[in-house]
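K.L.:
What follows is a predicted structure for the sequence shown.
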Amino acid sequence: MLNTVWLVPALPLAGFLLLVLFGRRLAEPKAGWLAATMCGLSFFVTLLVFLDMVSKTAEERSHVVRVFSWIPVGSLQVDLAFLADQLSITMALFITGIGTLIHLYAVGYMHGDPKFSKFFIYLNLFVFSMLMLVLGENLLVTFLGWEGVGTCSYFLISFWHTRDSAATAGKKAFVTNRVGDWGFMMAMFLAFGAVGTLSYGTINSAAHGGSISHVTATAIALMLFVGACGKSAQLPLYLWLPDAMEGPTPVSALIHAATMVTAGVFLMTRMNPVIAEAYHWAPTIIAVVGAATALFAATVAVAQNDIKKVLAYSTVSQLGYMFLAVGSGAYVAAIFHMITHAFFKALLFLGSGSVIHGMHHEQDMRKMGALRVLMPVTGFTFIIGWLAIAGVPPFAGFWSKDEILLYVYANNRGLYVVGLVTALLTAFYMTRQVIMVFFGEAKWKDQSEEHGAHGDFVPHESPKIMLLPLVVLAMLSVGGGLLQLPFTKDLHFLEKWLEPIVEHGEAHINGSWAYDNKYILMLVAIAVALSGIALAVGVYGKKKLPAIEPQILANAWNYDRGVSAFMGGPGRQSFEAVAWADAHVIDGAVLGTGSVVRRSSGFIRKIQSGYVRVYAAAIVIGVLAMLAWFMWRGVA
Amino acid sequence: MLATIVPTSTWYLILGAVLFGIGMVGVLIRRNPLIMFMSIELMLNAVNLTFVALSTQLTDINGQTAVFFVLVVAAAEVVVGLGIIVAIMRRRSEISVDDLSVLKG
């Protein structure tokens, strides 16, 4: 069964091709069903591969499937090959699983859109690219998927491209991702230079075997991290993610939960032996950047009024958590949080999409309120998602966040405090959002004039096709923690499953103070989460405390504006200087050579008179001269 | 009296040199392409004569082999050259190589 792993990306690709050819003829809703079916079949195949893998011993689980030799050039031999192992199948499971749910949801959400079938073309391509990324056997196949994901995000974010902001957001995402891609490419070059291959297995065993020097390993790790920063929206490259909210909501859910942003964390985990081989300050940089991003984004999320912007900054913040875990050597915890985050963030995004749908495309939370009565299913599932992300036990988010905090405490207590503050803020802003949207007074009643076409404006619950994914994801958000319960070693299912992948990089905290007192840390985390919720209830529910939402937080500390000003001012000038140098110095040199040759040839060609007898005379003179030369030499 | 004069290979070499000189002067001073052609043939055959003479003197068959190559090249050259000349003659009544300088730089 492991040999059929190539089917996993092939099915969404087939869906993509079918839709390109027949999508317009199929139209709504058949095109959507086709795309969802392909994604669902892909999930089914992944499940079969997974079950087959479970039945094998740990040594036999890693399997390489070579499809064809892709780039055979001298010592560079790159195959289009897939690597089916514990990590890639875990990723593929939730990519295809959540991807299918999002496809189903999109059939309802995109109802009536004139570009309905085109949307599903991109959606299938997106899933295909992401599967190439995680299933690739070498860095180049992953890079193919990496670029594919970037391209699809560009298409989908600017899907409603007639809106100026959507077109700009798409471009922004693309350009920002290019900066990260540079890092990825540098890492590839360095790895090839050091090991002579791009295959993960060889690079990782070389790193573990010590044949990569510490300097090279550090350089590779940092360059990979630059790449991960771009794709996984870390400081300073997170800029594109909040703007990516311009895309349709299923796209946001797909980007934030199943695909795209998890790529960076995946890549770091995949290459963990290289990071383990790097100098100690390299993982510390990763942890510090992760913690800084987590805190930064959490503070910004507190002051957002757009329902999706809150979730966007919350994603940036949660990704910061994952990098904090990676930098602390807690790869299993990072993957664990990535999975639970995929569950509840997909749930929250799809829930917010349902709210937006029911509110007739209103995204401002200040105009919502008391929606739980009118949208019972959406409200109920959203509340589950809220409890999961806020870190309330026994929901999924609590366990993964707790695991990360445990490792961080053992690694660096300063960062642990940052993590706790972030957890507090997370609970706070999510509670704020839930209260503003689902509780309190119904503020949409004042808005009925704006939506006058409907007479009295009443938000409505979404169709069943959109509610089904919500319910499934809500169940996963409740039970996701079962993957890795902290109580005894027997319950560490994910850790045992991923052990062969991370055995060289994983930090060992057994015997540390943090591990022996993990229940104290757990209680601290619960207390922090509950106080965050209580604080938000006090401010927004009971209105006993004043809301603190300074403008600077709403503007994301003016970071975005600062970057725009910098790139628009000095940045633009330097680009123009480079363009001038290109036109005048580089092109000048090339064109100058050409014109010098042309002008000198103008003189020389006058020798060609066209008189045959002159040529003959020239030959005769030449022969005589040579004869004289040889005779003179012969004499001398 | 005459029987005592035995031609040596030097005679043939001198004859070859003279023929070659005549041919060379012909190419240089005549304007009619046909005459120039004939002069070139003369030069080629002067070389052939030299080859044969030296081949006999040195008893080396290679000189005679070279002659065959020269003959083949000369025949091929005549075909192409005459073809060009005939084509030109069809367009112009009078023909002088100096008039055919349209390809000058």
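P.N.:
That came through fine.
K.L.:
Only C-alpha atoms from now on, for both contacts and neighbour counts.
P.N.:
Noted.
K.L.:
In the stretch 351-500 of chain A, what residue comes closest to chain B?
P.N.:
Residue nearest to chain B within the stretch 351-500 of chain A: A:His361 (74.7 Å; CA to the nearest CA).
K.L.:
do the same with the stretch 401-550 of chain A
P.N.:
Nearest to chain B, among the residues of the stretch 401-550 of chain A, is A:Ile501, at 73.1 Å (CA to the nearest CA).
K.L.:
OK, contacts around that residue?
P.N.:
Contact analysis of A:Ile501 by CA atoms under 8 Å, 6 or more residues apart in numbering or on different chains lists A:Gln86, A:Leu87, A:Arg270.
K.L.:
Need those in a markdown table (columns: distance to A:Asn204, pLDDT and neighbour count).
P.N.:
Below are those laid out as a markdown table (distance: CA to CA, whole Å; pLDDT from 0 to 100; neighbours: other CA atoms under 10 Å in any protein chain shown):
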| residue | distance to A:Asn204 | pLDDT | neighbour count |
| --- | --- | --- | --- |
| A:Gln86 | 16 | 88 | 22 |
| A:Leu87 | 14 | 89 | 24 |
| A:Arg270 | 9 | 90 | 20 |
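K.L.:
circling back: can you give me phi and psi for the residue of the stretch 351-500 of chain A closest to chain B?
P.N.:
phi 60, psi 40 (degrees, to the nearest 10).
K.L.:
Compute the number of surrounding residues for it.
P.N.:
Counted by other CA atoms under 10 Å in any protein chain shown, the residues lying close to A:His361 total 11.
K.L.:
Do you know the pLDDT at it?
P.N.:
Note for A:His361: predicted pLDDT of 78.
K.L.:
same thing with the one 10 residues further on?
P.N.:
Per-residue confidence at A:Leu371 stands at 82 (pLDDT).
K.L.:
Also the one 4 residues further on?
P.N.:
Each residue has a pLDDT score; the one for A:Met375 is 85.
K.L.:
That one contacts A:Lys464, doesn't it?
P.N.:
No: using CA atoms under 8 Å, A:Met375 is not in contact with A:Lys464, being 12.0 Å away.
K.L.:
So for those two, which sits in the more crowded spot?
P.N.:
More crowded of A:Met375 and A:Lys464, by other CA under 10 Å: A:Met375, with 18 against 12.
K.L.:
got a list of what that one touches?
P.N.:
A:Met375 is in contact with A:Val355, A:Pro459, A:His460, A:Glu461, A:Ser462, counting by CA under 8 Å, 6+ apart.
K.L.:
swap in A:His492?
P.N.:
Contacts of A:His492 by CA under 8 Å, 6+ apart are A:Leu483, A:Gln484, A:Leu485, A:Pro486.
K.L.:
repeat for A:Asp364
P.N.:
A:Asn305, A:Asp306, A:Ile307.
K.L.:
Could you identify which of the residues you listed has the most neighbours?
P.N.:
When neighbours are counted by other CA under 10 Å, A:Ile307 leads those with 24 neighbours.
K.L.:
And the pLDDT for that residue?
P.N.:
87.
K.L.:
Next one: it relative to A:Ile384, how far apart?
P.N.:
Here the distance between A:Ile307 and A:Ile384 works out to 17 Å (CA to CA, to the nearest Å).
K.L.:
Also A:Asn555?
P.N.:
Between A:Asn555 and A:Ile384 the computed distance is 29 Å (CA to CA).
K.L.:
Name the pair among the contacts of A:Met375 with the greatest separation in space.
P.N.:
Maximum pairwise distance in the contacts of A:Met375, criterion CA to CA, is 9.4 Å, between A:Pro459 and A:Ser462.
K.L.:
These two: which has the busier surroundings?
P.N.:
Set A:Pro459 next to A:Ser462 and count neighbours by other CA under 10 Å: A:Ser462 wins out with 21 against 18.
K.L.:
check which helix or strand covers the more buried one.
P.N.:
Using DSSP states H and E, A:Ser462 is not contained in any helix or strand.
K.L.:
what do you get for the one 3 residues further on?
P.N.:
Here A:Ile465 is covered by helix A:464-479, with elements defined by DSSP H and E.
K.L.:
Tell me which residues are up against that helix.
P.N.:
With contacts defined as CA under 8 Å, 6+ apart, helix A:464-479 is touched by A:101-102, A:104-109, A:340, A:343-344, A:346-347, A:350-351, A:354, A:377-378, A:381-382, A:384-385, A:388, A:394-397.
K.L.:
chain center to it, what's the gap?
P.N.:
Centroid displacement of helix A:464-479 relative to its chain, using CA atoms, centre = their mean, to the nearest Å, is 23 Å.
K.L.:
Which secondary structure element comes immediately after it toward the C-terminus?
P.N.:
Next element after helix A:464-479 (DSSP H and E): helix A:493-502.
K.L.:
which parts of that next one are buried?
P.N.:
Judged by neighbour count (16 or more other CA atoms under 10 Å in any protein chain shown), helix A:493-502 contains these buried residues: A:Leu494, A:Glu495, A:Leu498, A:Glu499, A:Pro500, A:Ile501, A:Val502.
K.L.:
in the chain, which spans are strands?
P.N.:
Just so you know, I chose chain A. Under the criterion DSSP state E, strands of chain A are mapped to A:63-73, A:76-84.
K.L.:
Give me whichever of these is most buried.
P.N.:
For these, the largest average neighbour count (mean count of other CA atoms under 10 Å in any protein chain shown) is found in strand A:76-84, namely a mean of 20.
K.L.:
by how many degrees do that strand and strand A:63-73 diverge?
P.N.:
160 degrees (axes from the mean of the first three to the mean of the last three CA atoms, to 10 degrees).
K.L.:
Need the contact partners of strand A:76-84.
P.N.:
A:2, A:5-6, A:61-72, A:135-138, A:140-141, A:196-199.
K.L.:
repeat that with 6 Å
P.N.:
If you take CA atoms under 6 Å, 6 or more residues apart in numbering or on different chains as the criterion, strand A:76-84 is touched by A:62-71, A:135-137.
K.L.:
Of all residues in chain B, which one is closest to chain A?
P.N.:
Chain A sits closest to B:Ser101 of chain B, with a gap of 4.0 Å, by CA to the nearest CA.
K.L.:
center of chain A - which residue?
P.N.:
Central residue of chain A (CA atoms, centre = their mean): A:Val261, 1.9 Å from the mean position.
K.L.:
For that one, give its distance to chain B.
P.N.:
To chain B, A:Val261 is 66 Å away according to CA to the nearest CA, to the nearest Å.
K.L.:
Report how many residues lie close to the closest residue in space to that residue that isn't next to it in sequence.
P.N.:
The shortest distance from A:Val261 to any non-neighbouring residue, by CA to CA, 6 or more residues apart in numbering or on different chains, is to A:Ser232 (4.1 Å). Per other CA under 10 Å, the neighbour tally for A:Ser232 reads 30.
K.L.:
of the contacts of strand A:76-84, closest to chain B?
P.N.:
Distances from chain B to the contacts of strand A:76-84, taken by CA to the nearest CA, are shortest for A:Ile71, at 48.5 Å.
K.L.:
Next one: B:Asp99, what pLDDT does it get?
P.N.:
Reported pLDDT for B:Asp99: 76.
K.L.:
My error: substitute A:Met322 in the last question.
P.N.:
pLDDT recorded at A:Met322 is 91.
K.L.:
how near is it to chain B?
P.N.:
73 Å.
K.L.:
Just checking the strand or helix carrying B:Gly63 against chain A, any contact.
P.N.:
Assigned by DSSP H and E, B:Gly63 falls within helix B:62-91. No: shown here: helix B:62-91 not in contact with chain A (CA under 6 Å from any CA of the partner chain), separated by at least 13.5 Å.
K.L.:
what stretches of chain B score poorly on pLDDT?
P.N.:
Counting by pLDDT under 70, chain B contains low-confidence residues at B:1-3, B:103, B:105.
K.L.:
same thing but at 80, please
P.N.:
For chain B, the stretches flagged by pLDDT under 80 are B:1-7, B:92-105.
K.L.:
Name the residues of stretch B:77-87 that are buried.
P.N.:
Here stretch B:77-87 shows B:Val78 as buried, counting by 16+ other CA under 10 Å.
K.L.:
Please put the alpha-carbon coordinates of that stretch into CSV.
P.N.:
Presented in CSV, the C-alpha positions along stretch B:77-87 are these (Å, rounded to 0.1, in the frame of the first residue of the first chain):
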residue,chain,number,x,y,z
GLU,B,77,35.8,23.9,-59.6
VAL,B,78,35.3,24.2,-63.3
VAL,B,79,31.7,23.0,-62.9
VAL,B,80,30.8,25.5,-60.3
GLY,B,81,32.8,28.3,-61.9
LEU,B,82,31.4,27.8,-65.4
GLY,B,83,27.9,27.6,-63.9
ILE,B,84,28.3,31.0,-62.3
ILE,B,85,29.8,32.5,-65.5
VAL,B,86,27.0,31.1,-67.6
ALA,B,87,24.4,32.6,-65.2
